[in-house]
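K.L.:
Give me a model of this one.
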Amino acid sequence: MASSKEIPGIIIAGPTASGKSGMAISLARRFRGEIVSCDALQVYRHMDIGTAKTPPDERQGIRHHMLDVQDPDRDFSAGDYQRMARNSLREIEERGNLPFVVGGTGFYLRALIDGFFEGPSRSDKIRARMRRILQGKGPRILHRSLRRIDPDSAARIAETDAERILRAYEVYLVSGKTMSWWQRQPRNALRGYRWLKIGIHLPRERLYQEINERAERMFQAGLLEETRRLLHEFPRESPAFKAIGYREAAEYLDGRISLQQAVDETKKQSRRYAKRQLTWFRSDPDILWLDGGMPSGGLHEKAAKLVSEFLGS
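P.N.:
Numbering: from 1, shown residues only. Down below sits the predicted model:
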């Protein structure tokens with residue numbers, strides 16, 4: 001049974017384009033809350049349209065955390081997120097406000113709440129060497145090497161997932177121990193909180209419609225111009241240009257695909273990403289799912305009732 005001294009917190013989870021941000025702002029206004037973004041791309045500065053950040057003038061005075069904390073040409077890990085987001089939770093607690101952790105990056109959410117292994121720090125020298133290999137020969141060659149030293153990690157990582165391959169190989173080179181060894185060590189779970197987890201569910205057809213319409217709005221709102229500015233300021237191999245939407249916009253600007261192909265590919269990749277998000281969140285039995293197909297007013301009222309009951313418990 002949870003201790004009454006534990007700090008309450010609200011998690012709003014679900015796939016991209018399901019309405020998480022609107023719900024979070026509505027609830028944060030009602031319950032004197034602050035929002036902690038849990039999105040692996042919204043941490044990057046200058047990436048606003050393609051990551052669907054809520055514009056400052058639409059945040060209704062609600063303080064937001066974990067937005068615009070890193071430059072697009074720098075790596076940002078789940079460990080970085082854990083450290084900074086936990087600091088944000090402490091600041092919110094000090095102000096006596098209610099934290100709303102909002103987003104669709106399940107791995108970051110797990111890192112924040114459940115913790116993960118305390119692995120070695122990144123090595124810029126090793127990363128630079130491995131990135132040269134990735135650029136010259138592709139990720140599969142490093143994946144083959146990873147299979148030899150850490151078959152368990154290699155089995156969990158796709159041959160094309162360059163960033164996770166790089167990190168697993170880096171962990172071994174820096175520490176002399178494999179990523180799978182580190183993952184078996186005790187986790188640094190967040191203590192002192194109790195959480196209400198709310199999920200937003202949309203029927204697949206409705207969700208895909210929302211995703212398709214959002215992709216079109218992003219291109220209409222200036223995603224190409226935003227990508228062009230990023231390309232001018234940051235190296236082509238920056239994490240920014242691996243993100244859905246930015247990758248396709250960059251390919252269009254390079255003349256490799258048409259504008260319609262860029263829009264259609266963004267839609268397709270976003271739908272695939274949403275499917276992976278749903279698979280991740282549905283594995284969590286503690287999430288209380290609400291029907292995102294109802295009008296937003298009714299949806300937010302249902303969520304507010306859950307929050308009110310949770311805080312009164």
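K.L.:
which residues touch the strand or helix carrying S308?
P.N.:
Per DSSP states H and E, S308 falls inside helix 296-312. Helix 296-312 has contacts (C-beta atoms under 8 Å, 6 or more residues apart in numbering) with 8, 10, 12, 19, 22-23, 26-27, 30-31, 98, 196, 198, 200, 288, 290-292, 294. Just so you know, the C-beta spots here come from the backbone N, C-alpha and C atoms, and that holds for glycine as well.
K.L.:
again, only using 10 Å
P.N.:
Here helix 296-312 makes contact (C-beta atoms under 10 Å, 6 or more residues apart in numbering) with 8-10, 12, 19, 22-27, 30-31, 33, 98, 100, 194-198, 200, 288, 290-295.
K.L.:
Filter those residues down to the ones in helices?
P.N.:
22-27, 30 (DSSP state H).
K.L.:
Got a PyMOL select line for the buried ones in those?
P.N.:
Buried residues among the ones in helices among the contacts of helix 296-312 (16 or more other C-beta atoms under 10 Å), as a PyMOL selection:
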select buried, resi 22+23+24+25+26+27
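K.L.:
which one of the ones in helices among the contacts of helix 296-312 sits closest to R187?
P.N.:
The shortest approach to R187 among the ones in helices among the contacts of helix 296-312 belongs to A24, at 26.5 Å (C-beta to C-beta).
K.L.:
ok, how many other residues are close to the residue nearest to that closest one when sequence neighbours are not counted?
P.N.:
Counting by C-beta to C-beta, 6 or more residues apart in numbering, A24 lies nearest to V102, which is 4.2 Å off, once chain neighbours are set aside. When neighbours are counted by other C-beta atoms under 10 Å, V102 registers 28.
K.L.:
wait, doesn't V102 sit right on S18?
P.N.:
No. Using C-beta atoms under 10 Å as the test, V102 is too far from S18 to be in contact (11.1 Å).
K.L.:
Find the residues that touch each one of these two.
P.N.:
Residues touching both V102 and S18 (C-beta under 10 Å, 6+ apart) are I12.
K.L.:
can you pull out the helices in the protein?
P.N.:
With helices called from DSSP H, the chain shows them at 20-30, 78-94, 106-113, 124-137, 139-149, 151-156, 162-175, 179-183, 204-221, 223-233, 246-253, 259-282, 296-312.
K.L.:
For the last one, buried residues please.
P.N.:
Think helix 296-312. For helix 296-312, by 16+ other C-beta under 10 Å, it's 299-300, 302-303, 306-307, 310.
K.L.:
quick one: it to chain centroid distance?
P.N.:
From the chain centre to the centre of helix 296-312 is a distance of 24 Å (C-alpha atoms, centre = their mean, to the nearest Å).
K.L.:
picking that back up, can I get the buried part of the contacts of helix 296-312 as one PyMOL selection?
P.N.:
Of the contacts of helix 296-312, the buried ones can be selected in PyMOL as follows, counting by 16+ other C-beta under 10 Å:
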select buried, resi 8+9+10+12+19+22+23+24+25+26+27+31+33+98+100+195+196+197+198+200+290+292
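K.L.:
and stretch 225-238, which residues are buried?
P.N.:
In stretch 225-238, counting by 16+ other C-beta under 10 Å, buried: 226-227, 230-231, 234, 238.
K.L.:
Now find how far off-centre that stretch is within its chain.
P.N.:
The answer for stretch 225-238 is 21 Å, by C-alpha atoms, centre = their mean.
K.L.:
what comes into contact with that stretch?
P.N.:
For stretch 225-238, contacts defined as C-beta under 10 Å, 6+ apart pick out 44, 46-51, 71-75, 131-132, 134-135, 162, 218, 222, 240-241, 243, 245-254, 262.
K.L.:
what about 8 Å?
P.N.:
Contacts of stretch 225-238 (C-beta under 8 Å, 6+ apart): 46-50, 71-73, 131, 135, 240-241, 246, 249-250, 253.
K.L.:
Of those - the most surrounded one?
P.N.:
Looking at the contacts of stretch 225-238 with neighbours defined as other C-beta under 10 Å, the largest count falls to A249 at 30 neighbours.
K.L.:
That one contacts V263, doesn't it?
P.N.:
No. Counting by C-beta atoms under 8 Å, A249 does not reach V263; the two are 9.4 Å apart.
K.L.:
between these two, what contacts are shared?
P.N.:
F219.
K.L.:
mind checking which of the helices of the chain is nearest P56?
P.N.:
Across these, P56 has its closest neighbour in helix 20-30 (12.0 Å, C-beta to C-beta).
K.L.:
Run through who's touching stretch 192-211.
P.N.:
With C-beta under 8 Å, 6+ apart, stretch 192-211 has contacts from 2-3, 5-20, 23, 89, 113, 267, 270-271, 274, 281, 284, 286-293, 299, 303, 306-307, 310.
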